[in-house]
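Enquirer: Dropping a prediction and its sequence here:
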Amino acid sequence: MSSKKRFYALLLGLLVGFATPLLHGQATGSFSGTISDKTGLLIAGAAVKVTSQGTGISRDVKTDGSGHYLVPLLPVGFYAVRIEAQGFGPAEQKDVRLQVDEHRELDFTLVPASVTTNVQVSATQVAVETTNSTLGQVITTEQVADLPLNGRNFVQLATLAPGTTASTSPVSFFNGAASSEASTRGSFSLSVGGSREQSTDWLLDGNDNNQIDEGGIAIFSSVDDIQEFKVLTYNYSAEYGERSGPTVLVTTKSGSNQFHGTLFEFFRNTKLDASNYFTRTQAKFNLNQFGGSLGGPIRKDKTFFFADYQAKMQRQGVPFEGYVPTTSMTHADANGNYDFSNNPFGTQLINYFTPYQVLPTSKGVAVPVPFQCLISSGLPETPVDGGQPFVQGVTQNCNLIPGGPNGVVNPVGAKVIQLYPAPTPGLPSNASFNYVDQPTRKVNEGTWDFRLDHNFSAKDSVFVRFSYDQATNFIPGGSPSWSEATAFGSNQFINNHGRNLALSETHVFSPRVINQFNAGYNRIFNHILSYGTGTCEAAILGIPGADVGSQCDTYTGYPASLNQATNDCVGCGMTSFSMSSYYAVGDRGYAPYQGGTNVYSVSDTLDLIRGKHEIRFGAVYRANEMNVRNNASQDGFITETGLFTGDDIADVLIGALGVFAAHDQTFLGATVGRRWKLVRPFVQDNWRVTNNLTVNLGVAWALVTPETEAENRQSNFDVATLTWFVPKGSPGGCAPSILPFPCTSSDGRIGIQFDKTALEPRIGVAWKPFGSQNTAVRAGYAIYHDSAWNQGGQGLWQNPPYYAEVDPNPFALSYGSTVGSLSAGFLLPSAQAPSTLAVPGGFIYNAPVNPDNYTGTLQSMNRNFKQGIVQQFNLNIERQLPGNIVLTAGYAGSRSAHILVSQVNESIASPLACPGNGSFTVSGYTLGCGHNPIISSNPYQLVNSNNSVGAARYDSLQIKAETKSAQHGIYALIGYTYARNFDSGMPDGLGTNVGALYWPLPGTQRLDWGLSQLNLNNTLTASILYDLPFGKGKRFGSNWSGATNTILGHWQVNLIERAQSGFPLFVVDSSNIGPVFPPATPGPGNSGTYFNYNFYSFNRPDLVGDPNRPGPEGGQTSCPAQIHTHLNWFNPCAFAKATPGELGTAARAPVYGPRFVNTDFSIIKDFPMSFREGMDLQFRAEFFNLLNHPQFYMGGVGDTGEQDINTPSSFGVINQALNTSRVIQFALKLKF
């Protein structure tokens, strides 16, 4: 067997062993240039040899008739370039660095052989990009290895590229937010040119490395494994662009002909950290990261390996504080009554069952009636019984909720509130909480990579790399048991792992014909168990229907299709109660949760060099799979706000289902298998028109199939034609008795058209105006399409007949009846419909579900949905300056269209604002009362419609100064961006914050156009590596030895600085009691009908002054004398309620939040090991947020950042810091 066959057999064995099927070209670069003599005469036929100094592998080409040469598809690294021509002496450059996606131009001037036999040319690292119009930034090996990185997360450095900002999605694991099913370790997303964070394409050795459901990175390779990476921001080759945002090319290290390795440990603990800005306390924090790497030859010049391992052990005390009910509120007294007189907020409760009565002391006026009052004897008495009747306005103990046979206590509610812990004793009387806890979050994670490179010959090379990440986590919720700080944040036990496999072969058929084949596999998998998983607590407490279909549901009358215990283990936990004033109680949704994503990818490129044309064509194929549990509220979810009694806990005690209650039921299994594919052929021609002008021309065709479901368990309701689309042969199908509207049996795409119009041209020029390599003018135009996961079939697996959401009517609650109460739970007590099944206590849905009886939100996808399209354009000048500095300045902009927008409640009519059914004018348009602006005949309660109608605009000035190599020991990269980013407001169902939208009210699109939530006017970044000039072999102390050199020599200081202006703030009016947005609850002066989309009925206020100017504004006098303070970041007097019946005049985002400044700094000391050359022991001290600058945040409405003029306590008020206080980290690292 030949060596090549044996090697492929080894690779096949590895692949089978990993149990993974078999990606996009490996990140490479190229050398090109012109060979001439001293007179400028071009030399044809000169021999060019490019040799890797690490592996010894070389490539040979000859110059063409114009004296030009090109060597493409070279791995990154250091090279020697040697030129030989008949009649001339050879010339050579050594230590020439080639970076990721770099097109390096090296010109040589030869001298006659009679003058010299060999010319050694010193390599220069100054490299103005003269042949390509792409904008981007390479992050070098030195930056990755030596810059201070919190958590050793290399992707933080991606934000050093001008025009690039960081967006954390999901929110980082240790910032106190709820975990995500996508990546519980936290993720990292980028926004470039206003792109959404889901639009970043991460490639690891050319292989897909995306967290496809959130836009983050899947595998966080160790810093010791990263060779370098490049962020492509604008006008990159047609070869790239599977998504519409930046493409990040990450290259891992490979072995060489010498053994190299590292051993390290990084250490942090609480004693090294600064106190929180607001609480002045330190939370427990301990972090240990340790591991190592080793690379070298297996066979010199032939086979090389590289392996690394990193372990992470993190323990963090998480301070929680909030309100829980007092013991007298949760436990009945001897008479069975519940005393709320000492509720934490001093609330006077109202008896929901007799809310308004005429009392003896109310002078004939109906007033709110409380529950029972205590008389002097200590016995309860109702307010209407005489004795000590309730007197409005007089403080009395009238908060006793009566139990017993004639009381109002719900037996289920009484059990639920007993799940709360008791208040913490000994707290200060003025504390703004009555319960505290500081549990410990725990993370144990191990990551390893293994790479094997083999050169069969100078014309045939291959590599394979496998990466693995395994993490176990415990996330506390805020108390040891059922109570938690947020409704989604119960105690959770999480296991997740990532896998990434890459295989690449490069074959040189000839110096002018080169092929590269790539294949790969990317996987993320998560398993989450919550505190209540498997306890069946909801069933034990007696909430009917909460555990329907779970393994704890023992009812035997269900049809087989509903008995999910035999298909998917779901639910069987505890209903989640979200509270407005207290800790939540219950269990999180999606529990137990299992979710995995798989991406299989294959690509092939062929390079043809024909005269002045370098043509690359090929194709990329990605098959995407997302297999996730669809059990969001499988145990039920209830939102309590105190609407019924004035207190959340009292509402639960009387059995109220809050303002919203929902229970999800899935049929034929709860695990949904989403599938879609991407095929993207392309061609790119880099045309060297002259030696001073290169034109980059390319085009790609982005073909993304609509989403299908593995077993055809999804459907689509077309709101335009009121037609259902259901896959052929699927359970339920188009049975007339089930679907009341016209139904079309479709393929798995359920009526969504395959968009085949996504052509992506690339046009760019690179011009050397002065004919030298020190100045270049570059310009480009490109089109990209967003093929991210959300671009097809959004939520359609949550439709009948495969999914049901039971939303009981909480307002049906009445005295003496279980209807609308916790005792009825999530069963439907209405008359049995054809598609329901009777069970004890009520009716439940049975598969398939009749949409007529469906009380949840239906999902709709526009059948002509288009991929999001982004047009990019740039113009910049790049100039080499003295001191080894390259300065780049220019314009970069984009225009986006067809952006995904999700809107809810298309079935809700517009405002009933007109007396007598007349018409009225609102901000520039006339709308008839009760007119539905979208559809007029949709009978369903809620419809979530996904359309490609959003738009955005981005314009920027970008300036960058970079030393391409260390000058006097200093490497620096400094960037500045001035940008303006506008959009139409894009609620995409992914948590995007847009403020108060007026669309789809007719004619209001122009009113919604405004600053994007991603807008940052000014951003300054700087990174500096400074190898101090002290020590042996340095400028100062070159002759030092012994203790002097050990102590004073070989020091390095490094810095990352980031300063940016604040993000826009959205200002809203949540209680505009006008005819445009009247409240949902009928009352005096309210019609009880409101225009609603996305469950969001906020108006905007009027802008009546300058919010950035202190003092009186808008005719008001009680205005702050100073602004940009904690209590008044802006002037609240500049805003006022809109006139009833009118839309507010303020823009969506009329003010900016606080700016952000952060400094990370490190000191490194190397101790050379005298007993072995090349071995160093390195000590590090790293300081994150060195100056302890807090990043202030204005929580606003529900901690969303929206500023509500009706909440003075948070309107314009800074109440928290988002970032961590100063952190100090020490490390030891052995390098050899």
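Expert: Cool, the structure landed.
Enquirer: Quick check: phi and psi at Met626.
Expert: In this entry, Met626 is assigned phi and psi values of phi -130, psi 110 (degrees, to the nearest 10).
Enquirer: Quick one: residues contacting the closest residue to it other than its chain neighbours.
Expert: Counting by CB to CB, 6 or more residues apart in numbering, Arg674 is the residue found nearest to Met626 once chain neighbours are left out, at 4.3 Å. From N, CA and C alone the C-beta is placed, and that goes for glycine too. Under the criterion of CB atoms under 8 Å, 6 or more residues apart in numbering, the neighbours of Arg674 are 624-628, 707-710, 789, 793, 797.
Enquirer: Arg674 and Asn630, how far apart?
Expert: From Arg674 over to Asn630 the distance is 10 Å, taken as CB to CB, to the nearest Å.
Enquirer: Same check on Gly1144?
Expert: Summarising the geometry, the distance separating Gly1144 from Asn630, computed by CB to CB, is 38 Å.
Enquirer: Of these two, give the one with the bigger neighbour count.
Expert: With other CB atoms under 10 Å as the criterion, Gly1144 and Asn630 differ in neighbour count, and Gly1144 comes out ahead with 28 against 21.
Enquirer: quick one: secondary structure of the more buried one?
Expert: Secondary structure for Gly1144, judged by DSSP: H, G, I helix; E, B strand; the rest coil, is coil.
Enquirer: ok, it - contacts?
Expert: Remark: with contacts taken as CB under 8 Å, 6+ apart, Gly1144 is in contact with 996, 1069, 1072, 1099-1103, 1137-1138.
Enquirer: Let's see that with 7 Å instead.
Expert: By CB atoms under 7 Å, 6 or more residues apart in numbering, the contact set of Gly1144 is 1069, 1099-1102, 1138.
Enquirer: Return the helix or strand hosting Ile524 as CSV; C-alpha atoms alone will do.
Expert: For Ile524, the enclosing helix or strand under DSSP states H and E is strand 513-530. Included here for strand 513-530 are C-alpha records, laid out as CSV according to Å, rounded to 0.1, in the frame of the first residue of the first chain:
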residue,chain,number,x,y,z
VAL,A,513,-3.9,24.8,-11.7
ILE,A,514,-4.5,24.2,-8.0
ASN,A,515,-7.4,22.5,-6.3
GLN,A,516,-8.5,22.5,-2.6
PHE,A,517,-11.1,20.2,-1.2
ASN,A,518,-12.6,20.6,2.3
ALA,A,519,-15.1,18.7,4.4
GLY,A,520,-16.3,19.1,7.9
TYR,A,521,-18.7,18.6,10.7
ASN,A,522,-19.8,21.0,13.5
ARG,A,523,-22.0,20.0,16.5
ILE,A,524,-23.3,21.5,19.7
PHE,A,525,-25.4,19.6,22.1
ASN,A,526,-27.0,20.6,25.4
HIS,A,527,-28.9,18.8,28.1
ILE,A,528,-30.5,20.7,31.0
LEU,A,529,-32.2,19.4,34.1
SER,A,530,-33.9,21.8,36.4
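Enquirer: Now do the longest strand along the chain: which elements does it pack against?
Expert: Of all segments of type strand in the chain, defined using DSSP state E, the longest is strand 942-963. Under the contact definition 3 or more CB pairs under 7 Å, 6 or more residues apart in numbering; DSSP states H and E, strand 942-963 sits against strand 857-861, strand 885-904, strand 970-983.
Enquirer: pLDDT on it, on average?
Expert: Mean pLDDT, computed over strand 942-963, is 89.
Enquirer: Nice, that's everything, thank you.
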